[in-house]
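Colleague: just coords:
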């Protein structure tokens, strides 16, 4: 089932990205279940293993690129293991209720 982003409807993309990234830190399943695609049978577990506890250290301004219908947010995360990871979080809001969902970047 695709996420509907209902908790991320009616806000701008930067706020949606910030909410998702902060939800990773405490693994807020309520937000993440509505905002993330969990690919494959172990997708949720793999993302949780890598990103639970990750703290955003920078969140940039969203940009648009090519024909992608959403936006990309450059960000950096401090992972639990102490390493830093740079991401381009992809979000789109073409769900029926206009909620933002993460479409890639993790």
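Modeller: Nice, thanks for sending it over. Not measured: the values here are computed from a predicted model.
Colleague: Can you pull out the low-pLDDT segments for the protein?
Modeller: 1 (pLDDT under 70).
Colleague: which residues of the protein fall in helices?
Modeller: Ranges of helices within the chain are 13-25, 29-35, 43-51, based on DSSP state H.
Colleague: Please work out which residues outside the longest one touch it.
Modeller: Translated: helix 13-25. Counting contacts by CB atoms under 8 Å, 6 or more residues apart in numbering, the residues outside helix 13-25 that touch it are 5, 7-8, 11, 28, 31-32, 35-36, 51-56, 59, 61-62, 70-71, 73, 75, 77, 89, 91, 93, 100, 102. From N, CA and C alone the C-beta is placed, and that goes for glycine too.
Colleague: Narrow those residues to those in strands?
Modeller: Among those, the subset assigned to strands under DSSP state E consists of 55, 56, 59, 71, 73, 75, 77, 89, 91, 102.
Colleague: Drop anything exposed from the contacts of helix 13-25.
Modeller: Among the contacts of helix 13-25, the ones that count as buried by 16 or more other CB atoms under 10 Å are 5, 7-8, 11, 31-32, 35-36, 51, 54, 56, 59, 62, 70-71, 73, 75, 77, 89, 91, 93, 100, 102.
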